[in-house]
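*Asks:* I need the structure of the sequence given here:
(2 chains)
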Protein chains: 2
Amino acid sequence: MKTYLDCLPCFVEQALRAARIATNDDKVIKQVLDEVGCMIKDTPMENTPAESGIRVYGKIREITGVADPYREIKQRHIAEARALYPELEKMVAKAKDPLLTAIRIAIAGNVIDLGINKTFNLVADIKEILIKDFAVFDYEAFKKALYNAEKVLYIGDNAGESVFDKLLIKQLNKPVKFAVRSQPIINDATMEDALASGLDEVAELIDSGSKAPGTILRHSTPEFMEVYQKADLVISKGQGNYEGLSDEDRPIFFLLKAKCPVIARDMGVQEGDIVLKGINL
Amino acid sequence: MKTYLDCLPCFVEQALRAARIATNDDKVIKQVLDEVGCMIKDTPMENTPAESGIRVYGKIREITGVADPYREIKQRHIAEARALYPELEKMVAKAKDPLLTAIRIAIAGNVIDLGINKTFNLVADIKEILIKDFAVFDYEAFKKALYNAEKVLYIGDNAGESVFDKLLIKQLNKPVKFAVRSQPIINDATMEDALASGLDEVAELIDSGSKAPGTILRHSTPEFMEVYQKADLVISKGQGNYEGLSDEDRPIFFLLKAKCPVIARDMGVQEGDIVLKGINL
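*Replies:* Numbering: from 1, shown residues only, chains lettered A, B, ... in the order given. The predicted model follows:
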């Protein structure tokens, strides 16, 4: 997905939010906005918004001197999600269709997105998403692909959400490689976050090579590319990964909640919709 | 009111919205955003946001070549408001407290603000505001000031809203001067809009000298300043005028709906609240 004009003011808004998390000094925050505002003119519109995220959040890091503003918040979200985990696990076990319930919970975890959302209520969001209709629901194709798969690549998104991914990965009942970002970017899950989420108990953790809040294949490591190419089933969580992979020509299943109007429009759904969308099936 | 950090991304967002109204050419819109993004670094934070509006909307005018992107929209809003006028006039006549009902309707008109709102539903908003509690309600002081007033200055805000101002001005039953912006800026009411709203039937129309989407006294004409200083009662409509007048030391009554989080915070109210607030009483 390319960058839309609507993404440009959003970069400045995101910069304000992240800079405020990194520092209380209004002068430093203003300096971040000065620089990020001027970055608009150098934004390559043909690239994905996630790619611009590297520059925007890199600038915040550079100016505030805080390498990972979201570190504590990520740890808190992981702890909150882990506290909910046993109850959700029981819910999946009791469900009529455990796989589908686990998919819904994994999508519910996708509300923990601090690039987009200012606030969210995890428990309320889970309850809503457990009964919400899907705007795109390629579930039969997903089940078929899963049934036939020997190697599954699961590309993670945010920390906290990662705990709910664990629940889904258990239901997949296949060998799964779970890909994380190479370095902290917004609240996206890194290796450290994946470990704290207990994902190593259900999947092999791999580094995607991406420093962006999304997957950008030309930045990926050769190891990741090999896994990506050889996987029988690729599950891509969240908006950032969708941005980078939506124009790819291999089969991919996207699991996400459309949280911004631009992504919603690009997917042909409404803001707030939940999606299980397969491409190139 | 000074500029808050939150205003800075909002300028870029407003620029996108206005540029899209002025042109369909994405390259031209991108150019507007390039320039407005870079303006952040030159934004004097001690000035009001309305003052920066002059530069932002001036840049849109310059780049798109469209002097008044909102012209047709303003005309449509005035026509829509005029169509509602007879019914609202009856409502005021039948009301237990006609002055208060007219105040509520004048505030309801304040939702027609294209700097802030993307969409609004005039009829629904009027219905809501007719029964909504005021967050600040200096009505007794307002009535007293009105009772004692010989000269009233009413500083207008948006086109369309201006039609509802007419309804309130009739209820004031005093000689009123109605101040308009000097030139088109967003959808703010100019002399042309005030005439199209029929305000000349109930008030003397004067030019405030302001080219901003708000009142900036140091830009005002000497004629306006004289009226402002000599008025026994000053009624200021909307956010832009509040921004410019909130730190003044003369009595002023602000009538508005707090439509953005920054104004709401500055006034100590919640976003969406309606306000009749007097200062220096």
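
*Asks:* and A:V275, what element?
*Replies:* strand A:274-279 (DSSP states H and E).

*Asks:* mean confidence score for that strand?
*Replies:* pLDDT averaged over strand A:274-279 equals 98, rounded to a whole number.

*Asks:* could you measure A:A196 against B:D273, distance?
*Replies:* 42 Å (CB to CB, to the nearest Å). In short, each C-beta sits where N, CA and C put it, glycine included.

*Asks:* hang on, I meant A:D247
*Replies:* 45 Å.

*Asks:* neighbour count winner among those two?
*Replies:* B:D273 (19 against 10; other CB atoms under 10 Å in any protein chain shown).

*Asks:* what's the closest non-adjacent residue to that one?
*Replies:* Distance criterion CB to CB, 6 or more residues apart in numbering or on different chains; nearest residue to B:D273, sequence neighbours excluded, is B:A135 at 3.6 Å.

*Asks:* That neighbour: what's it in contact with?
*Replies:* Counting by CB atoms under 8 Å, 6 or more residues apart in numbering or on different chains, B:A135 touches B:A258, B:M267, B:V269, B:Q270, B:D273, B:I274, B:V275.

*Asks:* Tell me, how many residues neighbour the first one?
*Replies:* When you say that, I think you mean B:A258. 25.

*Asks:* Next one: it from B:V275, what distance?
*Replies:* For B:A258, the distance to B:V275 - CB to CB - is 6 Å.

*Asks:* What residues does chain A have near chain B?
*Replies:* A:5-6, A:8-9, A:12-13, A:15-16, A:20, A:26, A:29-30, A:33-41, A:45 (CB under 8 Å from any CB of the partner chain).

*Asks:* redo that, cut-off 6 Å
*Replies:* A:5, A:8-9, A:12-13, A:16, A:29, A:33-34, A:37-38, A:40-41 (CB under 6 Å from any CB of the partner chain).

*Asks:* any idea which element A:V163 lies in?
*Replies:* Secondary structure (DSSP H and E) places A:V163 in helix A:161-172.

*Asks:* And for the biggest helix by length in chain A, what's in contact with it?
*Replies:* Criterion DSSP state H: the longest helix present in chain A is helix A:71-94. Helix A:71-94 has contacts (CB atoms under 6 Å, 6 or more residues apart in numbering or on different chains) with A:98, A:101-102, A:105, A:112, A:159-160, A:163, A:167, A:187, A:193, A:196-197.

*Asks:* Can you mark which positions in it are buried?
*Replies:* A:R71, A:I73, A:K74, A:H77, A:I78, A:A81, A:L84, A:Y85, A:L88, A:M91, A:V92 (16 or more other CB atoms under 10 Å in any protein chain shown).

*Asks:* Likewise for stretch A:254-262?
*Replies:* Those would be A:F254, A:L255, A:L256, A:K257, A:A258, A:K259, A:C260, A:V262, for stretch A:254-262 by 16+ other CB under 10 Å.

*Asks:* Make JSON lines out of the residues you listed and add pLDDT and secondary structure.
*Replies:* Output for those, formatted as JSON lines (pLDDT from 0 to 100; DSSP: H, G, I helix; E, B strand; the rest coil):
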{"residue": "A:F254", "pLDDT": "98", "secondary structure": "strand"}
{"residue": "A:L255", "pLDDT": "98", "secondary structure": "strand"}
{"residue": "A:L256", "pLDDT": "96", "secondary structure": "strand"}
{"residue": "A:K257", "pLDDT": "94", "secondary structure": "strand"}
{"residue": "A:A258", "pLDDT": "95", "secondary structure": "coil"}
{"residue": "A:K259", "pLDDT": "92", "secondary structure": "coil"}
{"residue": "A:C260", "pLDDT": "93", "secondary structure": "coil"}
{"residue": "A:V262", "pLDDT": "95", "secondary structure": "helix"}
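
*Asks:* so which two of the residues you listed are the farthest from each other?
*Replies:* A:L255 and A:V262 (18.4 Å; CB to CB).

*Asks:* circling back: now, of the contacts of B:A135, which are buried?
*Replies:* Buried among those by 16+ other CB under 10 Å: B:A258, B:M267, B:V269, B:D273, B:I274, B:V275.

*Asks:* can you tell me how far the second one sits from B:I131?
*Replies:* So the one you mean is B:M267. 21 Å.

*Asks:* Which parts of chain A are strands?
*Replies:* A:134-137, A:152-155, A:176-180, A:204-207, A:233-237, A:252-257, A:274-279 (DSSP state E).

*Asks:* Any regions of the stretch 1-150 of chain A where pLDDT drops low?
*Replies:* Applying pLDDT under 70 to the stretch 1-150 of chain A flags the ranges A:114-119.

*Asks:* got the contact list for A:A196?
*Replies:* Per CB under 6 Å, 6+ apart, neighbours of A:A196: A:I78.

*Asks:* measure it to A:A83 for me?
*Replies:* 13 Å.

*Asks:* Next: A:R181.
*Replies:* In terms of CB to CB, A:R181 sits 24 Å off from A:A83.

*Asks:* Can you name the residue of the stretch 151-281 of chain A nearest chain B?
*Replies:* Here the stretch 151-281 of chain A gets closest to chain B at one residue, A:P261, 10.1 Å apart by CB to the nearest CB.

*Asks:* Please enumerate the helices of the stretch 1-150 of chain A.
*Replies:* A:7-22, A:26-39, A:49-64, A:71-94, A:98-109, A:122-131, A:139-148 (DSSP state H, counting those that start in this stretch).

*Asks:* how about the ones you listed, which one is nearest A:T215?
*Replies:* Closest among those, once you apply CB to CB, is helix A:49-64, at 7.7 Å.

*Asks:* Now do the closest one against helix A:26-39, angle only.
*Replies:* Relative orientation of helix A:49-64 and helix A:26-39, computed by axes from the mean of the first three to the mean of the last three CA atoms, to 10 degrees: 140 degrees.

*Asks:* can you give me the angle helix A:49-64 makes with helix A:7-22?
*Replies:* Going by the same axes, to 10 degrees, helix A:49-64 makes 40 degrees with helix A:7-22.

*Asks:* CA atoms only for helix A:49-64, dumped as PDB, please.
*Replies:* C-alpha atoms of helix A:49-64 as PDB (Å, rounded to 0.1, in the frame of the first residue of the first chain):
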ATOM      1  CA  PRO A  49       3.400   4.700   5.400                       C
ATOM      2  CA  ALA A  50       5.200   2.200   7.700                       C
ATOM      3  CA  GLU A  51       8.400   3.000   5.800                       C
ATOM      4  CA  SER A  52       8.000   6.700   6.600                       C
ATOM      5  CA  GLY A  53       7.500   5.500  10.200                       C
ATOM      6  CA  ILE A  54      11.200   4.700  10.400                       C
ATOM      7  CA  ARG A  55      12.100   8.300   9.600                       C
ATOM      8  CA  VAL A  56       9.500   9.800  11.900                       C
ATOM      9  CA  TYR A  57      10.200   7.700  14.900                       C
ATOM     10  CA  GLY A  58      13.900   7.800  14.200                       C
ATOM     11  CA  LYS A  59      13.700  11.600  14.400                       C
ATOM     12  CA  ILE A  60      11.900  11.300  17.800                       C
ATOM     13  CA  ARG A  61      14.600   9.000  19.000                       C
ATOM     14  CA  GLU A  62      17.300  11.400  17.800                       C
ATOM     15  CA  ILE A  63      15.800  14.600  19.300                       C
ATOM     16  CA  THR A  64      14.500  13.200  22.600                       C
END
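
*Asks:* Would you mind listing the outside residues contacting that helix?
*Replies:* A:3, A:7, A:11, A:15, A:18-19, A:22-23, A:28, A:31-32, A:35-36, A:43, A:67, A:185, A:211-214, A:216, A:240, A:243-244.

*Asks:* Off-centre distance for it?
*Replies:* 17 Å (CA atoms, centre = their mean, to the nearest Å).

*Asks:* Stretch A:77-84 too?
*Replies:* On CA atoms, centre = their mean, the centre of stretch A:77-84 falls 17 Å from that of its chain.
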